[in-house]
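>>> how does the following fold in three dimensions:
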Amino acid sequence: MNAVKTTETSLTDISAAGTGTAEQEAEAGIHAAADRARIASRRLARANRAWKDLGLQEIGKNLVAKRDLILAANAGDVAAGRAKGTSAAMLDRLTLTPERIEGLAEALEKLAGLPDPVGTVARGQTLPNGLRLRQVHVPLGVVAAIYEARPNVTVDIAGLALKSGNAVILRGGSAAAQTNAVLVDIIRDSLDAVGLPADAVQGVDAYGRAGANALMKARGKVDVLIPRGGRDLIQTVVANAAVPVIETGEGNVHIYLDRSAPVEMAVDILLNAKTQRPSVCNTVETLLVHRDAEAAADVLAALAAAGVRLHADERVRAALPAGVESQPAGEEDWGREYMDLDLAVAMVDDMDEALDHIRRWTTGHTEAIITNDLANAERFIAETDSAAVIVNASTRFTDGGELGLGAEVGISTQKLHARGPMGLRELTTTKWIVQGDGHIRI
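Numbering: from 1, shown residues only. Below you'll find the predicted structure:
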């Protein structure tokens, strides 16, 4: 999931925070929260699937029942963001509607219907000496998340953490502070109502920037930290954290329009990938057009008609259909995550050039090809090194819910432990269980 400046840049100077009283109080508060989370995680580790699913259903029920309370808090956050000049894309992410709240509740219900990853056997065998071995999935323990202007993430991460047996500490940021406070209260009350530990979900926004800094330094207290947001936030956390970090989200997403791409398919896919919800990380940001692509003119005309602002190179501008406007693309456009109705467009001579462009500018999130050539599709899959590679479908499918994971903590763009949409299985690690009958090593 950036040249667009948003409230997510609030952590940019976090490493410059001082060491005065506020910082000491924040550190003490974060450590106390982490200790409570550790105790809660041990209780969750003993909870069976039925119990955890009951908690998920209770949260979903209460989100709907307290919808008016959530919307009132959210309206305050949105009004404050608008007054500060927050971008339209970020306001869209910040805004909750009755339909989006219903969607969160439905996602929790789907999550309850998914298998519990805890205790599943990754592999096992009985050795010739009789030792019985199992490698089983277990919770990570205490998971922390830092994100901004995404109140839906509060529910998504809490739900996934609960189902996978983890306790979670949430730093949702000032932009959504009112909404997140209400959501966390609802979640904690719901857990308590079914006998699960309320401290399995804790918000730490009250500690502000100093709290975020303390969270990043809480090695030994927090098992893993997941930043979710734009480039500034993610890179700040990666650069400053002492806690193990799973890097997520930044999405400079490409679509390559191959020479053989069918016109109608190409138009439908590009419109969906760019305009369905342009503020999210799986939206296409760069279109690479084969110089002989039959679908190019129709695609560019359709995008322009839909209000997309084209940032095009000279070759594309020279080939634009009559009446389609664009502005010259500069070097900075190829690396931008616009998160708005803007699209960088370049013309390439062949797939070699398209792949070279992607390798230079990719953030490792999602790349797609639209083609009617099986050999080209297979080559694109083999040579594209991103978390998700898509053939003849919208990039908007790189999403935990769409891929059947129930929801996602984020979309990992790294290569260790988890890659792509992070669902239940990605919030577990493994441990070896070795059972013997008095065996000793000789």
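
>>> could you give the number of residues near the closest residue in space to A149 that isn't next to it in sequence?
Nearest residue to A149, sequence neighbours excluded (CB to CB, 6 or more residues apart in numbering): A175, at 4.0 Å. (Glycine included, C-beta is placed from N, CA and C.) By the other CB atoms under 10 Å criterion, the neighbourhood of A175 contains 27 residues.

>>> and for A305, the neighbour number?
11.

>>> where do the strands of the stretch 251-400 of the chain begin and end?
For the stretch 251-400 of the chain, the strands defined by DSSP state E, counting those that start in this stretch cover 253-257, 284-290, 309-312, 327-328, 342-348, 366-370, 388-391.

>>> what residues does the first one touch?
In this case it means strand 253-257. Contact partners of strand 253-257, identified using CB atoms under 8 Å, 6 or more residues apart in numbering, comprise 266, 269-270, 273, 281-290, 293, 295-296, 299, 348, 351, 354, 357-358, 361-362, 365-371, 380, 395.

>>> partner strands of it and their direction?
strand 284-290 (parallel), strand 366-370 (parallel) (DSSP bridges).

>>> these: which one's closest to N129?
strand 366-370 (47.3 Å; CB to CB).

>>> run the chain-centre distance for stretch 342-360.
25 Å (CA atoms, centre = their mean, to the nearest Å).

>>> ditto for stretch 116-127
Distance, centroid of stretch 116-127 to centroid of chain: 28 Å (CA atoms, centre = their mean).

>>> just the terminal-to-terminal distance for it.
Separation of the first and last residues of stretch 116-127 by CA to CA, to the nearest Å is 28 Å.

>>> which parts of that stretch are buried?
Under the neighbour-count criterion of 16 or more other CB atoms under 10 Å, stretch 116-127 has D116, P117, V118 buried.

>>> over to stretch 23-40?
Quick answer for stretch 23-40 (16+ other CB under 10 Å): E23, A26, E27, G29, I30, H31, A33, A34, R36, A37, R38, A40.

>>> ok, now stretch 262-271?
So stretch 262-271, judged by 16+ other CB under 10 Å, has buried residues A266, V267, I269, L270, L271.

>>> cool, stretch 393-400 as well?
S394, T395, R396, F397, T398, D399, G400.

>>> thinking again about what came up before, adding mean pLDDT and mean neighbour count, write the strands of the stretch 251-400 of the chain out as a markdown table.
Below are those laid out as a markdown table (pLDDT from 0 to 100; neighbours: other CB atoms under 10 Å):
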| stretch | mean pLDDT | mean neighbour count |
| --- | --- | --- |
| strand 253-257 | 98 | 27 |
| strand 284-290 | 98 | 27 |
| strand 309-312 | 98 | 21 |
| strand 327-328 | 96 | 12 |
| strand 342-348 | 98 | 23 |
| strand 366-370 | 98 | 29 |
| strand 388-391 | 98 | 20 |
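
>>> mind giving me TSV with those and columns for distance to R425?
Listed next are those as TSV, based on distance: least, CB to CB, whole Å:
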stretch	distance to R425
strand 253-257	24
strand 284-290	27
strand 309-312	38
strand 327-328	44
strand 342-348	34
strand 366-370	20
strand 388-391	16
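
>>> tell me which of the ones you listed lies nearest to A83.
For A83, the closest of the strands of the stretch 251-400 of the chain is strand 342-348, at 24.3 Å, according to CB to CB.

>>> paired strands for the closest one, with orientation please.
Strand 342-348 is paired, per DSSP bridges, with strand 284-290 (parallel), strand 309-312 (parallel).

>>> using CSV, write out every CA atom in that strand.
Extracted C-alpha coordinates of strand 342-348, given in CSV (Å, rounded to 0.1, in the frame of the first residue of the first chain):
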residue,chain,number,x,y,z
ASP,A,342,-4.5,9.6,-11.1
LEU,A,343,-2.7,7.1,-13.2
ALA,A,344,0.8,7.0,-14.7
VAL,A,345,0.9,5.6,-18.2
ALA,A,346,3.9,4.5,-20.2
MET,A,347,4.3,2.8,-23.6
VAL,A,348,6.7,-0.1,-23.9
